[in-house]
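*Asks:* Below is the sequence, then the predicted model.
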Amino acid sequence: MSTEKLLLTDKQSDGRNYGVDLLRMASMYMIILLHVVGLGEILKSTERFSGNYYIAWLIQLASLASVNVFAITSGYVYYGKNAKYANLIQLLLQMLFYSVLTTAVYWVLFPGSVTKYDIADALLPFRITGYWYFSCYFCLFFFIPYLNRFVEQLNAKSAVKLLCIFFVLFSLLPALLCKDTVGTSYGYSVMWLAVLYIVGACIRKYDVDVRHRSCLLYYLLCVLLSLVGKTAVDRFLDHDRAGMDFSLLFCTNISPAIVLSSVFLFLYFRKIHLNKIGKAVVRFFAPMTFGVYLLHMEPLIKLTFITGRFGYVAGRSMPALICTVFLSASVIWLACSLTDRVRMMIFEKLKIASLCARMEGKARALLSVPVAFLVKKFT
């Protein structure tokens with residue numbers, strides 16, 4: 001069956017946007033590509049301006065949109081809905097499940113490989129740098145009702161102005177000054193996720209519509225512009241110049257072309273429709289997306305299978321590099337997905353979802369008393 005038939009038939013009659021779920025899966029695969037070429041030290045090991053240099057950076061720049069896409073998707077999905085804290089508790093338990101279990105397995109199978117810092121990370125996974133997205137998302141989650149209310153108050157004209165201000169202040173200005181002037185930590189912050197959440201919420205509210213194929217074309221043009229710009233920076237600019245971070249021009253989450261590519265990629269997938277086979281595939285794999293992130297970025301697993309493991313490919317032929325990168329990412333994605341499927345079965349057996357719902361109810365009941373007191377006291 002052709003890919004076109006798989007994607008473009010049978011409208012989503014059940015109300016679920018399978019294109020967005022498919023994008024989540026694709027974005028997680030792209031994140032693994034980022035880690036293979038980045039943490040795997042392919043970018044670091046390629047000879048400048050060689051064929052492998054261009055291929056490695058093309059993969060990197062084409063995949064950079066993935067992180068932004070997740071935050072945009074959150075805004076799109078949660079706008080107009082109540083954020084259930086039970087879901088957040090379940091994600092937290094999922095993170096603890098992998099950090100504690102992995103550390104225990106390494107402790108037993110590889111004596112001496114687990115340090116006291118690894119144990120601390122396992123018990124307090126917010127300490128883990130690789131889990132930065134969840135740490136930021138965890139904080140953002142509590143602001144979702146207020147962000148939704150804020151977007152609800154915007155008319156179309158105000159929304160356009162606000163998004164333009166966001167783009168200029170948080171993306172264009174840092175790129176032009178080659179400095180993270182507004183403190184978004186290059187896109188690794190709650191502030192940046194909140195900005196992208198609002199972008200996604202506005203797309204949902206106003207049903208932003210751009211010609212489907214044009215979105216894909218614009219995404220590819222943004223990636224090409226980033227590659228050309230990155231090459232020009234490496235050729236003609238002095239990277240050691242004090243106070244100037246030229247990566248902000250083209251190679252970070254907040255770089256203008258990367259931000260635009262994220263929006264266009266989201267708009268493209270949002271309009272994809274799947275047939276029954278495509279929907280079945282998405283229904284099976286989409287729920288494991290977060291588990292793929294947690295498992296392959298668990299520090300001990302990351303150190304064993306990803307960090308510094310792919311630098312040797314930089315000296316191989318271009319076909320060998322391409323095959324190694326995509327095959328490795330595919331194996332990691334599939335292995336983590338199937339592992340998380342097992343975790344889901346365990347959680348279902350233990351009725352974790354019901355437990356989290358009860359925990360949310362008790363937490364709300366406990367908080368209602370002091371909140372009511374403070375409201376009465378200060379109003």
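*Replies:* Arrived safely, thanks for sending. Numbers count the residues shown, from 1 in each chain.
*Asks:* Now Arg127: closest residue in space, sequence neighbours ignored.
*Replies:* In this structure, Arg127 finds its nearest non-sequential neighbour in Asp121, 5.2 Å apart by C-beta to C-beta, 6 or more residues apart in numbering. C-beta here means a position set from N, CA and C on the backbone, and glycine is covered the same way.
*Asks:* typed the wrong thing, it's Ser337
*Replies:* Met288 (4.4 Å).
*Asks:* okay, now the one you found: neighbour count?
*Replies:* 22 (other C-beta atoms under 10 Å).
*Asks:* What are the buried residues along stretch 53-71?
*Replies:* 53, 55-71 (16 or more other C-beta atoms under 10 Å).
*Asks:* Could you pick out the longest helix of this structure?
*Replies:* The helix spanning the most residues in the chain, taking DSSP state H as the definition, is helix 318-349.
*Asks:* Report the buried residues of it.
*Replies:* 321-322, 324-325, 328-329, 332-333, 336-337, 339-340, 343, 347.
*Asks:* cool, and stretch 308-321?
*Replies:* Quick answer for stretch 308-321 (16+ other C-beta under 10 Å): 309-310, 313-314, 321.
*Asks:* what's the spacing between the closest residue to Leu237 other than its chain neighbours and Tyr53?
*Replies:* Counting by C-beta to C-beta, 6+ apart, Leu237 lies nearest to Phe246, which is 5.4 Å off, once chain neighbours are set aside. Separation of Phe246 from Tyr53 (C-beta to C-beta, to the nearest Å): 16 Å.
*Asks:* Check Ser13 and give its pLDDT.
*Replies:* The predicted local confidence for Ser13 comes out at a pLDDT of 49.
*Asks:* no wait, Asp121
*Replies:* So, for Asp121, pLDDT stands at 87.
*Asks:* who does the host helix or strand of it touch, helix- and strand-wise?
*Replies:* Take DSSP states H and E as the rule and Asp121 turns out to sit in helix 116-123. For helix 116-123, the contact count by 3 or more C-beta pairs under 8 Å, 6 or more residues apart in numbering; DSSP states H and E identifies helix 85-109, helix 299-305 as packing neighbours.
*Asks:* For the residue nearest in space to the middle of the chain, which three-state class applies?
*Replies:* Closest to where the C-alpha atoms of the chain average out (C-alpha atoms, centre = their mean) is Val67, at 3.2 Å. Under DSSP: H, G, I helix; E, B strand; the rest coil, Val67 falls in the helix class.
*Asks:* Please determine how far it is located from Val168.
*Replies:* 21 Å.
*Asks:* what do you get for Val281?
*Replies:* The value you get for Val281 to Val168, if C-beta to C-beta is used, is 40 Å.
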